[in-house]
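>>> Sequence and predicted model, in that order:
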Amino acid sequence: MQQVLHWISAHQELIYIVILMVFLGIEVIGRVPAVLHTPLMSGANAIHGVVIIGAIIVMGKAQPENYLALILGFVAVVLGTLNVVGGFVVTDRMLEMFKSKKKK
């Protein structure tokens, strides 16, 4: 427990920055108009594609006995893949709403 408290006190500035980034992200995303949602979603999907590649590289460079790095890399690949696929599905469904309906 002492080690955790020491780490928190040593990295207090980083913790504050992360907390501020979370609130800033919520404010920025909350103020995005609906028209811009689809392009931003596509951009986020591209970023998560980079996250997947990075996680695969980290897993490839990790030592075989470093289970923490392997597990975190695997979780990052799985969650990043789910986010990319889900984002593309949502983007596709949103773009379908803007297409004109064909008359029979």
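Here it is on my side, so go on.
>>> switch to C-alpha atoms for all contacts and neighbour counts from now on
Fine.
>>> who does the longest helix seen in the chain touch, helix- and strand-wise?
Looking across the chain with DSSP state H, the single longest helix is helix 67-98. On a contact count with 3 or more C-alpha pairs under 8 Å, 6 or more residues apart in numbering; DSSP states H and E, helix 67-98 meets helix 37-61.
>>> Tell me which residues are up against the helix it packs on.
Here helix 37-61 makes contact (C-alpha atoms under 8 Å, 6 or more residues apart in numbering) with 69-70, 73-74, 76-77, 80-81, 83-84, 87-88, 91, 94-95.
>>> mind checking how far residue 85 is from residue 12?
For residue 85, the distance to residue 12 equals 36 Å [C-alpha to C-alpha, to the nearest Å].
>>> Neighbour count: those two, which is higher?
Higher neighbour count among residue 85 and residue 12: residue 85, with 14 against 11, using other C-alpha atoms under 10 Å.
>>> List the contacts of that one.
By C-alpha under 8 Å, 6+ apart, residue 85 has no neighbours at all.
>>> Okay, it and residue 45: tell me how far apart.
Distance, residue 85 to residue 45, by C-alpha to C-alpha: 8 Å.
>>> Equivalent analysis for residue 4, please.
In terms of C-alpha to C-alpha, residue 4 sits 34 Å off from residue 45.
>>> Look at the two and report which has more neighbours.
Using other C-alpha under 10 Å, the more surrounded residue of residue 4 and residue 45 is residue 45, with 21 against 9.
>>> Need the pLDDT of that one.
Note for residue 45: predicted pLDDT of 75.
>>> Report the buried residues of the lowest-mean-pLDDT helix or strand in the chain.
Sorting the helices and strands of the chain by mean pLDDT, DSSP states H and E puts helix 37-61 at the bottom, at a mean of 81. Residues 38, 41-42, 44-45, 48-49, 51-52, 55-56, 58-59 are the ones in helix 37-61 that count as buried (16 or more other C-alpha atoms under 10 Å).
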